[in-house]
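A.B. asks: Let's see this in three dimensions:
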Amino acid sequence: MADRNSAAGGRINHVGAAGDFSKVYAASEWGGLYQSFDQGNTWVKIQTFSPAATCDVKVDPRDNSRVYATSLYDGRVNPQSGIQRKPRLFR
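C.D. replies: Below you'll find the predicted structure:
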């Protein structure tokens with residue numbers, strides 16, 4: 001699951017999807033967050049999601065435009081770890 005503009009993401013820690021699988025997200029070990037809009041056949045790295053060590057990803061079952069992702073401490077001076085909520089960003 002590598003984007004041609006970035007390094008590979010390592011193992012996948014979790015996959016989250018909309019109820020109809022029209023939107024699927026993958027939290028990668030060190031590569032950030034990926035998305036698929038064709039039921040997982042092709043993947044693209046979400047460049048606007050900056051934490052690298054992504055643990056988990058969930059899609060809000062009531063509003064599949066809301067995606068929640070958690071990430072570990074990434075070793076940066078100003079860490080970006082924690083819970084990220086990106087409403088209406090991943091259309």
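A.B. asks: Can you name the helix or strand that residue 20 falls in?
C.D. replies: Following DSSP states H and E, there is no helix or strand that holds residue 20.
A.B. asks: What are the neighbouring residues in contact with the nearest residue to residue 49 once chain neighbours are set aside?
C.D. replies: Closest residue in space to residue 49, ignoring its immediate chain neighbours: residue 33 at 4.3 Å, by Cβ to Cβ, 6 or more residues apart in numbering. To be clear about C-beta, it is placed using only N, CA and C from the backbone, and glycine gets the same treatment. When contacts are counted by Cβ atoms under 8 Å, 6 or more residues apart in numbering, residue 33 touches 25, 26, 27, 45, 46, 49, 54, 57, 69.
A.B. asks: Lowest pLDDT pick from those?
C.D. replies: Ranked by pLDDT, the contacts of residue 33 bottom out at residue 49, which has 80.
A.B. asks: Report whether the expected contact of that residue with residue 68 is present.
C.D. replies: No - in this structure residue 49 lies outside contact range of residue 68 using Cβ atoms under 8 Å: 11.5 Å.
A.B. asks: more crowded one of those two?
C.D. replies: In this view residue 49 and residue 68 are compared by other Cβ atoms under 10 Å, and residue 49 has more residues nearby, 23 against 16.
A.B. asks: That one and residue 28, how far apart?
C.D. replies: Distance, residue 49 to residue 28, using Cβ to Cβ, to the nearest Å: 11 Å.
A.B. asks: now the residue nearest in space to the middle of the chain, what's its secondary structure?
C.D. replies: With distances taken as Cα atoms, centre = their mean, residue 33 lies nearest the centre of the chain, 2.6 Å away. Counting by DSSP: H, G, I helix; E, B strand; the rest coil, the backbone at residue 33 sits in strand.
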